[in-house]
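Q: what's the 3D shape of this:
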Amino acid sequence: MRKIDLTALTPEVFSVFGTNNALLTAGDRTACNTMTVGWCGLGRMWNLPSCTVYVRPERYTYQFMENHDYFTVAVLALADHDKMKLCGSASGRDLDKFKACGMTAQYGLHDAPFPAEAEWALVCKKRYAQDLKPEFALDERINAFYQGEGWHRMYIGEVVETYVK
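A: This next block holds a predicted model:
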């Protein structure tokens with residue numbers, strides 16, 4: 001993958017995160033974990049190019065998100081659905097997902113890892129984190145996502161690097 005200016009990337013956000021989904025990865029060269037995410041927002045926050053992701057405390061990736069200042073969001077091709085499925089169902093506590101999927105780690109700013117096989121990837125610096133809470137849910141349908149598991153923590157990251165295939 002090659003580094004490009006953020007303004008050159010024009011992903012179709014609603015279709016990408018509804019079909020391809022993405023891999024959220026946090027960690028560094030010594031250890032990292034990746035997970036499939038379907039909930040992601042791209043835009044501007046505080047006049048910064050921003051990416052917002054959500055991680056439950058039960059997820060192995062959560063500890064990496066908490067202990068590192070950078071994370072990445074990478075979109076794989078639709079043909080890589082099997083990799084997305086594995087990264088969304090297996091735990092990084094039990095296996096190295098990059099190795100299991102035959103993916104190669106590439107590193108961005110501050111050794112933020114992402115799969116070199118991605119169609120595109122964003123390197124993000126965490127700027128804000130906040131727990132979602134049931135008392136702030138304004139629609140009862142939201143509660144259906146939290147049967148027996150914790151509420152997500154929201155992370156807003158400033159997009160600091162952009163890579164494309």
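Q: distance of residue 125 from residue 55?
A: 16 Å (C-beta to C-beta, to the nearest Å). For glycine as for every other residue, the C-beta is placed from the backbone atoms N, C-alpha and C.
Q: More neighbours: which of these two?
A: residue 55 (25 against 16; other C-beta atoms under 10 Å).
Q: Quick check: phi and psi at that one.
A: The phi/psi pair for residue 55 (degrees, to the nearest 10) reads phi -140, psi 130.
Q: Count the neighbours of the residue nearest to it when sequence neighbours are not counted for me.
A: Distances taken as C-beta to C-beta, 6 or more residues apart in numbering place residue 62 nearest to residue 55, at 5.0 Å, with adjacent residues excluded. For residue 62, the neighbour count with other C-beta under 10 Å is 19.
Q: Show me which residues of the host helix or strand of residue 62 are buried.
A: When secondary structure is defined by DSSP states H and E, residue 62 falls within helix 60-67. Neighbour counts using 16 or more other C-beta atoms under 10 Å place 60-65 of helix 60-67 among the buried residues.
Q: ditto for stretch 88-108
A: Quick answer for stretch 88-108 (16+ other C-beta under 10 Å): 92, 97-98, 101, 103, 105-106, 108.
Q: just for this structure, where's the confidence low?
A: Within the chain, the segments meeting pLDDT under 70 span 13-14.
Q: quick one, strands of it?
A: Secondary structure of the chain by DSSP state E: the strands cover 2-4, 22-27, 32-37, 40-45, 48-55, 70-75, 105-107, 113-115, 120-131, 153-164.
Q: will you turn those into a markdown table that also has distance to residue 145?
A: What follows is these, written out as a markdown table (distance: least, C-beta to C-beta, whole Å):
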| stretch | distance to residue 145 |
| --- | --- |
| strand 2-4 | 35 |
| strand 22-27 | 17 |
| strand 32-37 | 14 |
| strand 40-45 | 15 |
| strand 48-55 | 10 |
| strand 70-75 | 20 |
| strand 105-107 | 30 |
| strand 113-115 | 26 |
| strand 120-131 | 14 |
| strand 153-164 | 14 |
